[in-house]
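Asks: could you work out the structure for the sequence below:
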Amino acid sequence: MPLRPETARQVDALVADAQQAGHAPSLILGVVRDGALAHLAAAGTQPPPDADLQYRIGSITKTMTAVLVMQERDAGRLALDDPLRRHLPEAAAAGQVTLRQLLGHAGGLQREPDGPWWERNEGVDLTTLLTGFTAAKVAYPPYRFWHYSNLAFGLLGGVLERTTGTPWSQLVRQRILEPLGLRRTTYAATEPFARGYVRHPWHDTLREEPRTDSRAMAPAGQLWSTVTDLARWAAFLADPDPAVLSPATVEEMCVPVILSDLDAWRGGYGLGIQLTRDGDRVHVGHGGSMPGYVATLAVHRPSRTGVVGFANSYGLRTGGIGPLGHEILTLVLDAEPAPAQPWSPAEAPAPADLALLCGRWWWMGTALDVSWDRATGELVGTVRGDRVSRYAPEDTDRWRGVSGVENGEVLAVLRDERGRPVAIDIATFVFTRDPDDEP
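Replies: Numbering: from 1, shown residues only. Down below sits the predicted model:
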């Protein structure tokens, strides 16, 4: 569904202003809705931006590396709480640092590997990367602080290679890029692509940056992509394809491992996923940068809306591209909230056994209203009008919470000697039909 003309005009203006104020040779941004690219905004002429033009995505690569790790976890070939050294014995200096901590930048590792700045120089192989890993690279005890670490994702790529016997570049292509049809997302630049630059701060000339092969550090930031392809990746994060990764696992990846902003609680990290709170909404995704390029990926999963974008300069004069992406995502969500789904009446009453469970139940003066969702077959429990939990049938008179505050808890139906339901037990809280009954 395309954006409304007024919303599109505002998005275009923000992108044009950012390109002009930020002195970006070219800047392009796409809005994603319901799995498709809904709007494209572009500015600049070097080169003219295009939805099929490649830019380097930088650390957005980490989100794909994390999906590969979760595929291995779901297949039972590793556990998130495995110490890194179990899979990479050469990294024994990491002590008890786990894969989960590495995914969430909570392992205390320093940001970069040894040697010259890896982003701007030809990379090394895994053996050389591990040779440079010593106890000095552990800056903090795990979970003591959030500390962003590119090195952590280079090591996670090594774990994948050791576990599968397949190079990371081949894994990401076979397991993610090809299944999702990301044909213009590649390990190395493939024409047409935007050359990346550093802008001189005083006279606005451009210096073209090298396009290096980061090799063992590739899982941290190697890939190239387009707005069209990155929009498909945003759509996957919003509504996962089970053939690549189960929706439940993607949801797990978006649960905070650690807060990165302890003052305002506006930022955190899940399992390879950056989390940004904007008011009552949480955007998931990641930012990216490599010499000559910056990128953004921000997704609001409940509405299946996202923003992706690139610029071919190492930062904007006014700051990064990430804030622009979040600003535009918020603009779209505020201006065009998802339309309410129309209500339609049921064609038949609930089955008799379920109808007896519906209605109002009481515990300690607190009302629980129970209804039945015909579409899902779930019971829906509402407390005080806004605390909603849903329960899926598990066995006769036994239901399991699948969402809400009672997620994971058991709802048990209690019956009298004639088999009539007289109470509902939710995690030992017994609700009856009479508000005066003692539980």
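
Asks: longest helix in the protein, by residue count?
Replies: The longest helix of the chain (DSSP state H) is helix 5-22.

Asks: ok now it, how far from the chain's centre?
Replies: 26 Å (CA atoms, centre = their mean, to the nearest Å).

Asks: same for that helix, what does it pack against?
Replies: strand 26-33, strand 36-44, strand 305-311, helix 322-335 (3 or more CB pairs under 8 Å, 6 or more residues apart in numbering; DSSP states H and E). Any C-beta I mention is one placed from the backbone N, CA and C, and that applies to glycine too.

Asks: wait, what's in contact with the closest residue in space to residue 98 that isn't next to it in sequence?
Replies: The shortest distance from residue 98 to any non-neighbouring residue, by CB to CB, 6 or more residues apart in numbering, is to residue 81 (5.1 Å). Listed by CB atoms under 8 Å, 6 or more residues apart in numbering, the contact set of residue 81 reads 98-100.

Asks: confidence score at residue 81?
Replies: pLDDT, residue 81: 97.

Asks: what's the spacing between it and residue 136?
Replies: Here residue 81 is placed at a distance of 25 Å from residue 136 (CB to CB, to the nearest Å).

Asks: re earlier: which of the contacts of residue 81 lies closest to residue 67?
Replies: residue 99 (13.6 Å; CB to CB).

Asks: could you report the neighbour count for that closest one?
Replies: Other residues within reach of residue 99, judged by other CB atoms under 10 Å, total 25.

Asks: closest to residue 39 out of the contacts of residue 81?
Replies: residue 100 (36.7 Å).

Asks: helices or strands next to the strand or helix carrying that closest one in the packing?
Replies: Assigned by DSSP states H and E, residue 100 belongs to helix 99-103. Packing contacts for helix 99-103, counted by 3+ CB pairs under 8 Å, 6+ apart, involve helix 61-74, helix 84-87, helix 150-164.

Asks: re the thing from before, with respect to residue 123, which of the helices and strands packed on helix 5-22 lies nearest?
Replies: strand 305-311 (22.2 Å).

Asks: chain center to that closest one, what's the gap?
Replies: Worked out by CA atoms, centre = their mean, strand 305-311 lies 14 Å from the chain centre.

Asks: ditto for stretch 102-119
Replies: The answer for stretch 102-119 is 20 Å, by CA atoms, centre = their mean.

Asks: show me what counts as buried in the helix or strand that comes right after the helix holding residue 100.
Replies: Using DSSP H and E, the helix or strand that follows helix 99-103 in sequence is helix 126-131. By 16 or more other CB atoms under 10 Å, the buried positions in helix 126-131 come out as 126, 129-130.

Asks: could I get the residues you listed as CSV with distance to residue 327?
Replies: Shown next, in CSV, are the buried residues of helix 126-131 (distance: CB to CB, whole Å):
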residue, distance to residue 327
126, 39
129, 37
130, 41
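
Asks: could you list every helix and strand that the helix or strand hosting residue 380 packs against?
Replies: Assigned by DSSP H and E, residue 380 belongs to strand 378-383. On a contact count with 3+ CB pairs under 8 Å, 6+ apart, strand 378-383 meets strand 366-373, strand 387-395.
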